[in-house]
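Chemist: kindly return the folded structure for what I paste below:
(2 chains)
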Amino acid sequence: GAGVSQTPSNKVTEKGKYVELRCDPISGHTALYWYRQSLGQGPEFLIYFQGTGAADDSGLPNDRFFAVRPEGSVSTLKIQRTERGDSAVYLCASSSLGGNEQFFGPGTRLTVL
Amino acid sequence: KQEVTQIPAALSVPEGENLVLNCSFTDSAIYNLQWFRQDPGKGLTSLLLIQSSQREQTSGRLNASLDKSSGRSTLYIAASQPGDSATYLCAVDEGGSEKLVFGKGTKLTVNP
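Modeler: Residues are numbered from 1 along each chain as shown, chains lettered A, B, ... in the order given. Model (predicted):
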């Protein structure tokens, strides 16, 4: 595709449920990033993949959050036992090998009731 | 720990004005600074990337400068238009890592 895509665009779930958020990076981009943005704040880093491996997961808030990128392209962010505080917009970005510029997708708005 | 501050938090100007948005960061050991635009309910659009060896970048009516030693960047918008209304975010990498640290943004409103 021409840009980074994310699905679903909106997700409403109940407290305690499990959710998966998907990111399709720009074709050929080897680096993929997940960020989380709360209302009125800038995005906050969660995790960074280079290829299939998580090169930096220091931003994941706790062990309920997990992300995978099994084939080095599409990535899935998984949240277990969701809490109301997990409500936010989850943004995905990608960049090319050796590239510095990150390109963002439209985000998934997660609402935990 | 890298911290990014953007001033002002909000700005309202009449159409046609030139304006400057400010960004400051606490750790000058950066490789890149990136300016983004975010429209309500949307993702981020990359506007300009300045590498640490550069002092400025220009794209159309936008000009971004970087003073790495003082931890400051400015985004200059010439001849503002109502379509420029959006939130502008500044981000820098942390300690040369790949992750970006963002400011809270400046919400710009350009009135026709």
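Chemist: next, the buried residues of the helix or strand bottoming out on mean pLDDT in chain A.
Modeler: The least trusted helix or strand in chain A, going by mean pLDDT, DSSP states H and E, turns out to be strand A:53-56, with a mean of 89. By neighbour count, and taking 16 or more other C-beta atoms under 10 Å in any protein chain shown as the criterion, the buried residues in strand A:53-56 are A:Ala54, A:Asp56. Where you see a C-beta, it was placed from the backbone N, CA and C, and this is true even at glycine.
Chemist: so is that strand next to chain B?
Modeler: Yes: counting by C-beta under 8 Å from any C-beta of the partner chain, chain B has neighbours in strand A:53-56: A:Ala55, A:Asp56.
Chemist: residues contacting the residue of chain B found nearest chain A?
Modeler: For chain B, the residue closest to chain A is B:Phe102, as judged by C-beta to the nearest C-beta, at 3.0 Å. For B:Phe102, the contacting residues are A:Gly42, A:Pro43, A:Glu44, B:Val4, B:Leu89, B:Cys90, B:Ala91, by C-beta atoms under 8 Å, 6 or more residues apart in numbering or on different chains.
Chemist: grab the nearest non-local neighbour of the first one.
Modeler: Once its chain neighbours are removed from consideration, A:Gly42 has its nearest residue in B:Phe102; the separation is 3.0 Å (C-beta to C-beta, 6 or more residues apart in numbering or on different chains).
Chemist: what does the third one give?
Modeler: Sequence neighbours aside, A:Arg36 is the residue nearest to A:Glu44 in space, at 5.4 Å (criterion: C-beta to C-beta, 6+ apart).
Chemist: that neighbour against A:Leu46, yeah?
Modeler: Yes: between A:Arg36 and A:Leu46 there is a contact at 5.7 Å, judged by C-beta atoms under 8 Å.
Chemist: the residue lying farthest from the centre of chain A and A:Glu20, how far apart?
Modeler: In chain A, the residue that sits farthest from the middle, by C-alpha atoms, centre = their mean, is A:Gly98; the gap is 20.9 Å. Applying C-beta to C-beta, to the nearest Å, the value for A:Gly98 to A:Glu20 is 30 Å.
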